[in-house]
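J.: sequence isn't available, so here's the structure alone:
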């Protein structure tokens, strides 16, 4: 039983690390899209910038799932796949 718990804990740690490392990739994609001056309404552009900033703050706080949610919303507005 204890071996199973160790294996599960290890898998969770590995998946959490992989998830955390994808936040910067998404931030970079958003930054690149913003550098191209996308055609967005002012409110949409402000929302993307807010979500991008929130995503970075959450990432730095170790809240990677929340970070990915914010960054995903920004990417959806920018139509990044």
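T.: Everything's here; your move. Only a predicted model underlies this, so the values are computations on that prediction, with no experimental measurement involved. Residues are numbered from 1 along each chain as shown.
J.: the helix or strand hosting residue 70: how far from the chain's middle?
T.: For residue 70, the enclosing helix or strand under DSSP states H and E is helix 64-78. Relative to its chain's centre, helix 64-78 lies at 5 Å (C-alpha atoms, centre = their mean, to the nearest Å).
J.: do stretch 51-67 as well
T.: So, by C-alpha atoms, centre = their mean, the centroid of stretch 51-67 is 6 Å from its chain's centroid.
J.: and residue 49, how far is that from residue 30?
T.: The gap separating residue 49 from residue 30 is 9 Å, by C-beta to C-beta, to the nearest Å. In this view, the C-beta of every residue, glycine as well, is placed from N, C-alpha and C.
J.: so these two - more neighbours on which side?
T.: residue 30 (22 against 13; other C-beta atoms under 10 Å).
J.: quick one: contacts for the more buried one?
T.: 48, 52, 55, 71, 74-75, 78, 80 (C-beta atoms under 8 Å, 6 or more residues apart in numbering).
J.: from the residues you listed, pick the one nearest residue 36.
T.: Taking C-beta to C-beta as the measure, residue 36 lies nearest residue 78 of those, at 9.4 Å.
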